[in-house]
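A.B. asks: below are the sequence and a predicted model for it; my questions follow.
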Amino acid sequence: MDKINNECYDNIKALFDKYKNNTYMLQRLSYHLTNILPSTLENEYKNFEKRAIRNAFLTNEQQIFIQIFLSKHQYYYLSNNNCFYQYDGTTYKSVTEDEIQFQLLTTISKDRTLMQWKHKTKINIIKQIKERNLFKSIPETDTIQKIINLLCPLLFSTKNQVKYFLTVIGDAIFKKQNDLVFLTKPKTKKILNEIDYMCYIITGYTNITSNFVTKFNESYIYENCRLINMSNGISNDNLKDIFTKNGLDFLCVATHYSYRYNNSEYFIHSIEDYDFSNYALYLKQNSQMNIFNKFCEDCIESINTNINFNNETTQNIPQFSIQWKNMHFIWKLFISKHSLPSVIYVNSLKNLLKEKYKYDEQLDLFYNITSKYLPYVSNFIQFWENTITISSGNDFDYEIELDELCGLLKKWISETDTCYSTKNISEHDILKILNHYYPNIEVIDNKYVLNIQCSLWNKINEMDTILELFKNEYKNSLTNENSSLLLAFDEIYAYYIKNKQTKFTISKRYFEKYLYTVLSDFIEFDHFVSVSWITS
């Protein structure tokens, strides 16, 4: 202030010194200082006060406008891909900056108060939106429940499993806990790849599932391993459809859970679901030896017997023994039952078993032991070897469905003098046996076993017999009045159901597939047979 006063005094003194010898200019200078300058300054001060009041008013109105606008229109931003997003309380979506500006300017025009500041307000709002990270937004309950219900029971059996998985994904986006390894089933790789691809396309983030592995490595530290029990029973098309429509919601809910629970480890300890937490932390809480011992306790039973095994031959294998191939299969059943990865390599497992049980190198079997899982496996192998033949028809593809194999196995057991009980073997059990013991057999969709025939049920002969019976019966009833009729596939199949000769039933799909093959010359309109077949 003193500096300004001194400058003003010096300027006025300089003017007086300049015109000290000019009477007219001294009079004009005195007039301006006395009459013009005070009124000018008074006007300047009043205008300044008006502008200050208006600026304060507009600033306050702008703040209120921005607050209300961003409340009604929840816009967010990601700096890594320079993209804007909007949340309507249910669904997140991508928007452009032009769309935001259009909405903003339209709203300002309706308000009118900020028209003079619309450009300034637009810049201010865009700046504030860029400070609102999409992954710091808080989704509403409807959005969270939508994502949970999409994934449970489709990919997970419980909601806590879904929440944990979401938290892990959120941690990956925020780059938390990179030292943890999340183990899941090998067939879930397609799901993880789809999530990675979806996240990159939508947000630009890459490799968010890099901490997930689908195959165990013995170099992993058990302390850092977590298990995720994810189902793989979903088609690629359904998977892509889900993430195409809900990918952004999925990611926002995932980051919300990561932010809410801090990280996936805190999530495990924050819920009272001991089945879930014990499974997720299974490898952290168990060593390789613990798991091996649990396998032996659960699956292997020692038998006290004094067998002179050295005198046995491959043709005379002891009754209480388990061949290595069968032991390996029992191990697969064990880890499948507990939804565990194969945490012990095959060679390591065999060496551990050699240390624990008597083993014959030549016969490659362990003896003085048995297993509760062996009888039904043995039954199936005997059934397969005695009744199944591998076929590859030139004109028609032979196949038997897994549920049909279950029924045929039970029929075979009931008709043979097997000493084992008729365990309620499931399609899942048979599929595992086929994958392990007959890896060259082709199984489609975990349901159709291709290129095999069973001596207990010749499906082709049965269909041929039914078609001949139908043809003869229809021919006998044929008249001029109905000679032009078409025969519907459904009508022929209904005749088969009524007159089938075994307790087993050929599926409508397979029956119609056979009709397309053997009656190809008489098929009309896709699902009808020409009546000319009857007289052929």
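C.D. replies: Done, it's in.
A.B. asks: now do whichever strand or helix holds Lys410: which elements does it pack against?
C.D. replies: Lys410 is part of helix 402-415, with elements assigned from DSSP states H and E. Using 3 or more C-beta pairs under 8 Å, 6 or more residues apart in numbering; DSSP states H and E as the contact criterion, the neighbours of helix 402-415 among helices and strands are helix 374-387, helix 427-437, strand 448-450. Just so you know, the C-beta spots here come from the backbone N, C-alpha and C atoms, and that holds for glycine as well.
A.B. asks: just after the helix-or-strand element of the chain with minimal mean pLDDT, pick out the following helix or strand.
C.D. replies: Lowest on mean pLDDT, DSSP states H and E among the helices and strands of the chain sits helix 37-72, with a mean of 70. Sequence-wise, the next helix or strand downstream of helix 37-72 (DSSP H and E) is strand 74-78.
A.B. asks: give me the mean pLDDT for that following strand.
C.D. replies: For strand 74-78, the mean pLDDT works out to 91.
A.B. asks: now do the helix or strand following it: everything it contacts.
C.D. replies: Moving toward the C-terminus from strand 74-78, the first helix or strand encountered (DSSP H and E) is strand 83-87. Contacts of strand 83-87 with the rest of the structure, by C-beta atoms under 8 Å, 6 or more residues apart in numbering, involve 73-78, 92-97, 99-100, 129, 134, 137, 139, 203-204, 248, 252.
A.B. asks: now do the buried residues in whichever helix or strand comes after strand 83-87.
C.D. replies: Toward the C-terminus, strand 83-87 is succeeded by strand 92-95 as the next helix or strand (DSSP H and E). The neighbour-count check on strand 92-95 (16 or more other C-beta atoms under 10 Å) flags 92, 95 as buried.
A.B. asks: ditto for stretch 175-188
C.D. replies: Using 16+ other C-beta under 10 Å as the burial criterion, the residues of stretch 175-188 that qualify are 176-177, 180-185, 188.
A.B. asks: also stretch 384-397?
C.D. replies: In stretch 384-397, counting by 16+ other C-beta under 10 Å, buried: 384, 387-388.
A.B. asks: now stretch 284-291
C.D. replies: Residues 286, 288, 291 are the ones in stretch 284-291 that count as buried (16+ other C-beta under 10 Å).
A.B. asks: can you give me the distance of the first one to Tyr279?
C.D. replies: Relative to Tyr279, Asn286 is positioned 11 Å away (criterion: C-beta to C-beta, to the nearest Å).
A.B. asks: export stretch 252-260 to PDB, keeping only CA atoms.
C.D. replies: These are the backbone C-alpha positions of stretch 252-260, laid out as PDB (Å, rounded to 0.1, in the frame of the first residue of the first chain):
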ATOM      1  CA  CYS A 252     -17.300 -51.500 -12.000                       C
ATOM      2  CA  VAL A 253     -18.800 -53.900  -9.500                       C
ATOM      3  CA  ALA A 254     -15.500 -55.700  -9.300                       C
ATOM      4  CA  THR A 255     -13.500 -52.500  -8.500                       C
ATOM      5  CA  HIS A 256     -16.200 -51.500  -6.000                       C
ATOM      6  CA  TYR A 257     -15.800 -54.800  -4.100                       C
ATOM      7  CA  SER A 258     -12.000 -54.300  -4.200                       C
ATOM      8  CA  TYR A 259     -12.400 -50.800  -2.800                       C
ATOM      9  CA  ARG A 260     -15.000 -51.800  -0.300                       C
END
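A.B. asks: show me the shaky parts of the stretch 401-536 of the chain.
C.D. replies: 417-424, 478-484 (pLDDT under 70).
A.B. asks: residue ranges for the helices of it, please.
C.D. replies: Defined through DSSP state H, counting those that start in this stretch, the helices belonging to the stretch 401-536 of the chain, from first to last, are 402-415, 427-437, 459-476, 489-499, 508-518, 532-535.
A.B. asks: closest one to Asn43 among those?
C.D. replies: Judged by C-beta to C-beta, the one of these that comes nearest to Asn43 is helix 427-437, at 92.8 Å.
A.B. asks: so which elements touch the closest one?
C.D. replies: Using 3+ C-beta pairs under 8 Å, 6+ apart as the contact test, the elements touching helix 427-437 are helix 324-337, helix 374-387, helix 402-415, strand 443-444.
A.B. asks: over to Phe366. Which of the three states is it?
C.D. replies: What DSSP: H, G, I helix; E, B strand; the rest coil gives for Phe366 is strand.
A.B. asks: which ones are touching it?
C.D. replies: The contact partners of Phe366, taken as C-beta under 8 Å, 6+ apart, are 321-324, 327, 353, 357-360.
A.B. asks: at 10 Å what do you get?
C.D. replies: The neighbours of Phe366, taking C-beta atoms under 10 Å, 6 or more residues apart in numbering as the test, are 300, 320-324, 326-327, 350, 353-354, 356-360.
A.B. asks: for the stretch 201-350 of the chain, which segments count as helices?
C.D. replies: With DSSP H, counting those that start in this stretch as the criterion, the stretch 201-350 of the chain has helices spanning 236-261, 264-270, 274-280, 282-285, 288-299, 324-337, 346-356.
A.B. asks: got the helices and strands packed on helix 427-437 as TSV, with distance to Ser30 columns?
C.D. replies: Supplementary listing: these in TSV, determined by distance: least, C-beta to C-beta, whole Å:
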stretch	distance to Ser30
helix 324-337	106
helix 374-387	121
helix 402-415	114
strand 443-444	110
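A.B. asks: so which of the ones you listed is nearest Ser507?
C.D. replies: Using C-beta to C-beta as the criterion, the shortest distance between Ser507 and the helices and strands packed on helix 427-437 is 8.4 Å, found for helix 402-415.
A.B. asks: and the angle for the helix holding Lys410 with helix 374-387?
C.D. replies: In terms of direction (axes from the mean of the first three to the mean of the last three C-alpha atoms, to 10 degrees), helix 402-415 departs from helix 374-387 by 90 degrees.
A.B. asks: with just CA atoms, put helix 402-415 into CSV.
C.D. replies: In CSV, the C-alpha atoms belonging to helix 402-415 read as follows (Å, rounded to 0.1, in the frame of the first residue of the first chain):
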residue,chain,number,x,y,z
LEU,A,402,-23.8,-91.3,-21.5
ASP,A,403,-27.1,-91.8,-19.7
GLU,A,404,-27.7,-94.8,-22.1
LEU,A,405,-24.3,-96.2,-21.1
CYS,A,406,-25.3,-95.9,-17.4
GLY,A,407,-28.4,-97.9,-18.1
LEU,A,408,-26.6,-100.5,-20.2
LEU,A,409,-23.9,-100.9,-17.5
LYS,A,410,-26.6,-101.6,-14.8
LYS,A,411,-28.2,-104.1,-17.2
TRP,A,412,-24.9,-105.9,-17.7
ILE,A,413,-24.2,-106.0,-14.0
SER,A,414,-27.6,-107.4,-13.2
GLU,A,415,-27.1,-110.1,-15.8
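A.B. asks: how about it: buried residues?
C.D. replies: 402, 404-413.
A.B. asks: okay if I get those as a markdown table plus distance to Ile497?
C.D. replies: Converted to a markdown table, the buried residues of helix 402-415 look like this (distance: C-beta to C-beta, whole Å):
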| residue | distance to Ile497 |
| --- | --- |
| Leu402 | 21 |
| Glu404 | 16 |
| Leu405 | 21 |
| Cys406 | 20 |
| Gly407 | 16 |
| Leu408 | 19 |
| Leu409 | 23 |
| Lys410 | 22 |
| Lys411 | 20 |
| Trp412 | 24 |
| Ile413 | 26 |
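A.B. asks: for those, which one is nearest Ser210?
C.D. replies: Top of the list for closeness to Ser210, among the buried residues of helix 402-415 and by C-beta to C-beta, is Leu402 at 36.2 Å.
A.B. asks: the nearest residue to that closest one once chain neighbours are set aside: how many residues sit nearby?
C.D. replies: If the residues on either side of it in the chain are set aside, Leu402 comes closest to Glu427, at 4.0 Å by C-beta to C-beta, 6 or more residues apart in numbering. Glu427 has 15 neighbours, counted by other C-beta atoms under 10 Å.
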